[in-house]
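In: Turn this into a structure:
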Amino acid sequence: MTLVVAGVTAGKGWIVSDTLITGGTIQLRDREYQIKCLPAADRRSLVAFSGDAHNGADLIEQAAAMPSGQNTISVLCEAQAENPRI
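Out: Below you'll find the predicted structure:
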């Protein structure tokens, strides 16, 4: 389970997420952690994922390296359509 909360306050965007990874091959009482939100390289946007930890982490790293804008949003939408677990 992942918690991602985002919003805009006084014209500034913010995003917060947990880091706990659960499910898959992880046993019930084991704990693994993963950063789930990143700022874009141009510092104009933030990107986060929930769901599939491996593919989600790869996707936000790819998106964060791209310039903020519609092209990046399209890449994220296409990736989510191809892998609904993200």
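In: Which residue ranges of the protein form helices?
Out: 53-65, 70-82 (DSSP state H).
In: Would you mind finding the most buried of these?
Out: helix 53-65 (a mean of 17; mean count of other CB atoms under 10 Å). Where C-beta positions appear, they are placed from N, C-alpha and C, glycine not excepted.
In: Which strands or helices does that helix pack on?
Out: Secondary-structure packing of helix 53-65 (3 or more CB pairs under 8 Å, 6 or more residues apart in numbering; DSSP states H and E): strand 37-39, strand 46-48, helix 70-82.
In: Now do the contacts for the closest residue to Ala64 other than its chain neighbours.
Out: Spatially, and ignoring its direct neighbours in sequence, Ala64 is nearest to Leu38 (4.2 Å; CB to CB, 6 or more residues apart in numbering). Leu38 is in contact with 46-48, 60-61, 64, counting by CB atoms under 8 Å, 6 or more residues apart in numbering.
In: Could you dump the helices and strands packed on helix 53-65 into TSV and include distance to Gly11 and mean pLDDT?
Out: Shown next, in TSV, are the helices and strands packed on helix 53-65 (distance: least, CB to CB, whole Å; pLDDT from 0 to 100):
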stretch	distance to Gly11	mean pLDDT
strand 37-39	17	92
strand 46-48	14	91
helix 70-82	20	95
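In: Can I get those in a markdown table including distance to Val16?
Out: Shown next, in a markdown table, are these (distance: least, CB to CB, whole Å):
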| stretch | distance to Val16 |
| --- | --- |
| strand 37-39 | 7 |
| strand 46-48 | 9 |
| helix 70-82 | 19 |
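In: Of all these, which one comes closest to Gly13?
Out: strand 46-48 (6.1 Å; CB to CB).
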